[in-house]
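*Asks:* quick one, what's the 3D model for this:
(one chain, ligands or ions: 2)
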Amino acid sequence: MVPINTVRPSISCSSSSGFDTGPSAPVPKVGFVKLPRSNGGNHARLSLVQATEESTVATTNGRVAAVSGENAHQMATNGKAGNIVWHKSSVDKVHRQELLQQKGCVIWITGLSGSGKSTLACALCHALYSKGKLTYILDGDNVRHGLNRDLTFKAEDRAENIRRIGEVAKLFVDAGVICIVSVISPYRRDRDACRALVLDGDFIEVFMDVPIEICEARDPKGLYKLARAGKIKGFTGIDDPYEPPLNCEVCVLLEYHSYKLVLVQICI
Ligand SMILES: Nc1ncnc2c1ncn2[C@@H]1O[C@H](COP(=O)(O)OS(=O)(=O)O)[C@@H](OP(=O)(O)O)[C@H]1O
Ligand SMILES: Nc1ncnc2c1ncn2[C@@H]1O[C@H](COP(=O)(O)OP(=O)(O)O)[C@@H](O)[C@H]1O
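*Replies:* Ligands and ions are numbered 1, 2, ... in the order given. Model prediction:
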């Protein structure tokens, strides 16, 4: 069982078996997220939106400092770019969350290929949508069609894949959106780096704790078969590592019971 950090938002789920992702299939009910009130809470009113005198700030490694005409020399170097200044808007995250009546957060679903990440992401998205909550899914396969189409499955490219997805997820959180990420994200260090990009409590890590034998038996894309035949090199779980979370918020544990796959445990 995975120890759970209690400061995190709670997620409740109901069990379901016999998932089917076909277009006409009913969306399985997997639950909903109870979103804690934002720090601004009811005090945040759109009427408070006004131009701020300090309209620009410089930032280095996430630390923010005010910049005015006199101290504009405090421009920062961030990554490879020099002379950059953060531009602050008078409409911020608190206002956007107030507008949307929800709290932005990241629900990061990690697990082997075929473990059910995309299925859970879609079901969660549907459940939240029906409750009037705005979500957006960043799915590994999909993001690799566009933003990350230049990346392979080498270790350093996987790390870059996750870094970029983490940064995009951070933008969604700032927009007040519930960002559901479904990516293998095999390395603990990369997932933890994404967690560190957002505030404590805004990152909910969900581990699809499904044995590789089950994932391989499912093999909906035939990739395990190709990997076993040596036609795909460096396939996660076969000849590339997967590091399970040590302290995730949610662990989805599935097992076979009487020849039926059932959700036996969600540890929160
Ligand atoms: N070598 C190798 N290893 C693992 N997976 C592979 C590989 N090659 C292609 N695929 C397909 O790519 C999907 C995983 O992409 P991700 O961006 O989630 O991977 S990662 O987080 O960068 O490891 C993954 O999708 P899911 O099955 O939905 O997980 C696979 O379909
Ligand atoms: N809880 C579940 N029980 C049984 N089959 C599932 C479950 N979740 C997903 N599946 C099936 O397993 C396969 C892989 O699911 P998918 O969501 O694509 O996994 P991933 O995104 O992790 O690769 C699909 O055929 C899907 O219908």
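*Asks:* how near is the nearest residue to residue 195 once chain neighbours are set aside to residue 110?
*Replies:* Nearest residue to residue 195 in three dimensions, chain neighbours excluded: residue 203, at 4.4 Å (CB to CB, 6 or more residues apart in numbering). In short, each C-beta sits where N, CA and C put it, glycine included. Between residue 203 and residue 110 the computed distance is 12 Å (CB to CB, to the nearest Å).
*Asks:* check residue 133 too.
*Replies:* Summarising the geometry, the distance separating residue 133 from residue 110, computed by CB to CB, is 22 Å.
*Asks:* neighbour count winner among these two?
*Replies:* Between residue 133 and residue 110, residue 110 has the larger neighbour count (other CB atoms under 10 Å), namely 26 against 19.
*Asks:* check contacts around the more buried one.
*Replies:* Contacts of residue 110 were listed using CB atoms under 8 Å, 6 or more residues apart in numbering, and they are 117, 183, 184, 185, 186, 191, 205, 206, 207, 208, 245, 248.
*Asks:* which residue ranges form the helices in the chain?
*Replies:* For the chain, the helices defined by DSSP state H cover 93-100, 117-129, 140-143, 155-175, 188-195, 212-218, 223-228.
*Asks:* from this protein, which residue is nearest to ligand 1?
*Replies:* Closest approach between the chain and ligand 1, counting by CB to the nearest ligand atom: residue 140, at 2.2 Å.
*Asks:* pLDDT wise, what is that residue at?
*Replies:* According to the predicted model, the pLDDT of residue 140 comes to 98.
*Asks:* okay, now the residue lying closest to it once chain neighbours are set aside: neighbour count?
*Replies:* Counting by CB to CB, 6+ apart, residue 183 is the residue found nearest to residue 140 once chain neighbours are left out, at 3.8 Å. For residue 183, the tally of surrounding residues (other CB under 10 Å) stands at 28.
*Asks:* any figure for the gap between residue 183 and residue 129?
*Replies:* When CB to CB is applied, the distance between residue 183 and residue 129 equals 21 Å.
*Asks:* right, I'll leave it there.
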